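# Following is a predicted model, sequence given first.
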Amino acid sequence: MTATTKPPLNPYLKLAFDLGPLILFFVANSRYGIFVATAAFMAAVIVALLASYVLTRALPVMPAVTAIIVLVFGGLTLVLHNDVFIKIKPTILYALFGAVLLGGLVFGKSFLGVLFDTLFQLTDEGWRKLTLRWAIFFFALAVLNEIVWRNTSTNVWVDFKVFGFLPLTIVFGALQYPLLQKYATAPVAEK
């Protein structure tokens, strides 16, 4: 392995790093309330990010951005003892992801192509369409988060954060399969 090659992260371990903090947030909220859950979530996000770095010697972009936003809005939630900040965190995160994806397209760059080029090989048109779809989806999640947290209790919002957003994202991702097939390129032969 060369110095520039980073070791791949086991997919199950990556899933644990992605979902672990969210599950801990849900459990802590159900037992101890939103403020303890927020502190636990912040700690778990840091641990997951550090563990990922130790194992791969690289900081994954999306989890790193997510961690920064979690720390800022979680910190505001705890310092100001106001749960609105942790509730608007998903809105800001989803809107940011949507804006970055759309901004990339405006400048002729598909950031999804940069992030997932080792996972999928698509034509430029395929990457553009996939990026546009995900950008719109992230904006829709931002709006949905606003609707849910403004019209339900904190506990219902936490439940929806875990059992609503996650399944919606999985279903949306699965619905992209036809696009992935349609715009797939033939694998490049190694020499």
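Looks like it came in fine. Numbers count the residues shown, from 1 in each chain.
# C-alpha from now on. contacts and neighbour counts both.
OK.
# tell me which strands and helices the worst-scoring helix or strand of the chain on mean pLDDT is in contact with?
Lowest mean confidence among the helices and strands of the chain (mean pLDDT, DSSP states H and E): helix 111-116, at a mean of 77. On a contact count with 3 or more Cα pairs under 8 Å, 6 or more residues apart in numbering; DSSP states H and E, helix 111-116 meets helix 84-106, helix 124-151.
# packing partners for the helix or strand just after the last one?
Spelled out, it's helix 124-151. Going down the chain from helix 124-151, the next helix or strand is helix 154-160, by DSSP states H and E. With contacts defined as 3+ Cα pairs under 8 Å, 6+ apart, helix 154-160 has these neighbours: helix 11-32, helix 124-151.
# Show the contacting residues for the nearest residue to V158 once chain neighbours are set aside.
Once flanking residues are discounted, V158 sits nearest to F26: 6.4 Å by Cα to Cα, 6 or more residues apart in numbering. Residues near F26 by Cα atoms under 8 Å, 6 or more residues apart in numbering: A37, V158, D159, V162.
# now the second one: how far from A40?
The reference is to V158. 14 Å (Cα to Cα, to the nearest Å).
# on that earlier part again, which of the helices and strands packed on helix 154-160 sits most buried?
For the helices and strands packed on helix 154-160, the largest average neighbour count (mean count of other Cα atoms under 10 Å) is found in helix 124-151, namely a mean of 18.
# got the angle for that helix vs helix 84-106?
With axes from the mean of the first three to the mean of the last three Cα atoms, to 10 degrees defining the directions, helix 124-151 sits at 160 degrees from helix 84-106.
# quick one: average pLDDT of helix 124-151?
In this model, helix 124-151 has a mean pLDDT of 96.
# what does stretch 87-98 give?
Here the average pLDDT along stretch 87-98 is 96.
# for stretch 68-82, same thing?
For stretch 68-82, mean pLDDT is 96.
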